[in-house]
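K.L.:
The amino acid sequence is not available; the structure is as follows:
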């Protein structure tokens with residue numbers, strides 16, 4: 001995850017997928033379908049503002065200043 005630029009967040013800084021990833025062994029479609037849980041509702045997929053900030057600061061190693069700048073940029077874009 002990394003700092004995003006999409007303004008469609010209700011508050012705070014947007015999060016985007018980055019280029020770093022972990023390599024895992026593949027899973028067949030049949031195995032995936034057997035083990036997956038029920039589909040999440042839209043509300044369950046939202047990441048609260050505080051959690052997004054924590055993810056960006058700790059996991060993505062984004063500075064607090066960059067997070068604040070992204071928040072202000074998203075807020076400005078929503079008003080346009």
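P.N.:
That came through, no problem. Given the structure is predicted, the values throughout are model-derived calculations rather than measurements.
K.L.:
which SSE is the residue at the greatest distance from the centre of the chain in?
P.N.:
Farthest-out residue of the chain from its mean C-alpha position, per Cα atoms, centre = their mean: residue 30, at 27.8 Å. Residue 30 is located in helix 29-35, with elements delineated by DSSP states H and E.
K.L.:
Would you pull up how far that helix lies from the middle of the chain?
P.N.:
On the basis of Cα atoms, centre = their mean, to the nearest Å, helix 29-35 sits 25 Å off its chain's mean C-alpha point.
K.L.:
isn't residue 67 right up against residue 56?
P.N.:
Yes. At 5.4 Å, residue 67 counts as touching residue 56 under the criterion of Cβ atoms under 8 Å. To be clear about C-beta, it is placed using only N, CA and C from the backbone, and glycine gets the same treatment.
K.L.:
what about these two, which has more around it?
P.N.:
Here residue 67 and residue 56 are set side by side on neighbour count (other Cβ atoms under 10 Å), and the busier one is residue 56, at 24 against 18.
K.L.:
Check the secondary structure at that one for me.
P.N.:
Counting by DSSP: H, G, I helix; E, B strand; the rest coil, the backbone at residue 56 sits in helix.
K.L.:
Let me see the contact set for it.
P.N.:
Going by Cβ atoms under 8 Å, 6 or more residues apart in numbering, residue 56 touches 1-3, 13, 15, 62, 67.
K.L.:
My understanding was that residue 14 contacts residue 47; is that so?
P.N.:
No. The criterion here is Cβ under 8 Å, and residue 14 misses it with residue 47 at 9.9 Å.
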